[in-house]
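Participant: Sequence first, then the predicted structure, then my questions.
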Amino acid sequence: MRTGIRFGLAARGLIVVGAFLWSAPAARSAVMWGTGPVHASAIANAGGGPTVTDNPPDTTFNGTSGSNSASASTNVPVGGNTSAGVSVFLSVQMAGPAAGLMISGSTSCTGTNFRPGYTNGASASGNMPFTIAVPEILTFSASLSGYFGGANATIKDASNSTTLASVAADQLVFSRQQTVTLQPGVYNFTWQLYSMTAAGSGGGAQETISLTPEPATLASLTPLLVAGVTVRRRKSRASLSQSRPAGR
């Protein structure tokens, strides 16, 4: 009978801990993303020739995903040519119960035999609101791979007048990251990717912007929870040993 009681106590302790471990992340509120436009454009002029532009209609980030692209190229009779292009993809990725935003894109600007007045370039941009129900710690970053592009993003308040955080990646600093703590409320997120007009043959780049909630720090709680189970087991064993008849 007492052995059953001791097992029941231990099992109950494990059940309580298991429930706590699983319910702790659920206490964190998801970052809820609203909808917004995704713009892309490109322009190319080799100098002395026609200017070609590509301005497709804006697409929509629907709170989960979105994408857009644009490209333009032109040439002049003597063989000079220039081109530019951009493509971008947005996706919301789950980090536990919280939703982080990832923006990845590529830009290019290339050409040969430029004449005075040439220009080429491409960019993508957008903005959308997001809502936080409980205080959240987020990692905000921008990174660049390649010399012919850049990326930047900002977080502003609900009125879109005060900048709370910003990151940028360019030819001087290829990666920037910061941690920002946001209180419950509505915020505005603005982002941009762009190509760099380059001398010579030019080139391309890949850009990434992300805003990701930090994971819950359950690891720091685990030793305390395990210690609680151990104490409960020891108390159960002590009570049983005191109640056993002498000599048994």
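Facilitator: Received, thanks.
Participant: dump the residue contacts of Ser166.
Facilitator: Asn152, Ala153, Thr154, Ile155 (C-beta atoms under 8 Å, 6 or more residues apart in numbering). For every residue, glycine as well, the C-beta is placed using N, CA and C.
Participant: Now with 10 Å, please.
Facilitator: Counting by C-beta atoms under 10 Å, 6 or more residues apart in numbering, Ser166 makes contact with Phe140, Ala142, Asn152, Ala153, Thr154, Ile155, Lys156, Arg176, Gln178, Val180, Thr190.
Participant: Now which of the residues you listed would you call buried?
Facilitator: Phe140, Ala142, Asn152, Ala153, Thr154, Ile155, Lys156, Arg176, Val180, Thr190 (16 or more other C-beta atoms under 10 Å).
Participant: which of those lies closest to Ser71?
Facilitator: Nearest to Ser71 among the buried ones among the contacts of Ser166, counting by C-beta to C-beta, is Asn152 at 22.0 Å.
Participant: pretty sure that closest one is touching Tyr194, no?
Facilitator: Yes - the criterion here is C-beta atoms under 10 Å, and Asn152 meets it with Tyr194 at 8.5 Å.
Participant: Could you please give me the overlap between the contact lists of those two?
Facilitator: Contacts common to Asn152 and Tyr194, judged by C-beta under 10 Å, 6+ apart, are Ser125, Asp170, Glu207.
Participant: what's the neighbour count on the last one?
Facilitator: The reference is to Glu207. Residues lying near Glu207 (other C-beta atoms under 10 Å) number 28.
Participant: Numbering from 37 from now on, please.
Facilitator: In the new count, where the first residue is 37, that last one comes out as Glu243.
Participant: can you pull up the bridge partners for it?
Facilitator: Beta-bridge partners recorded for Glu243 (DSSP bridges): Gly141, Leu180.
Participant: ok, it to Leu180 distance?
Facilitator: According to C-beta to C-beta, to the nearest Å, Glu243 and Leu180 sit 6 Å apart.
Participant: joint contacts of those two?
Facilitator: In contact with both Glu243 and Leu180: Thr143, Gly186, Ala187, Ala205, Asp206, Leu229, using C-beta under 10 Å, 6+ apart.
Participant: Tell me the helix or strand right after the one helix or strand in the chain whose mean pLDDT sits lowest.
Facilitator: Across the helices and strands of the chain, mean pLDDT, DSSP states H and E gives its lowest value to helix 38-62, namely a mean of 37. Sequence order places strand 68-69 as the next helix or strand after helix 38-62, per DSSP states H and E.
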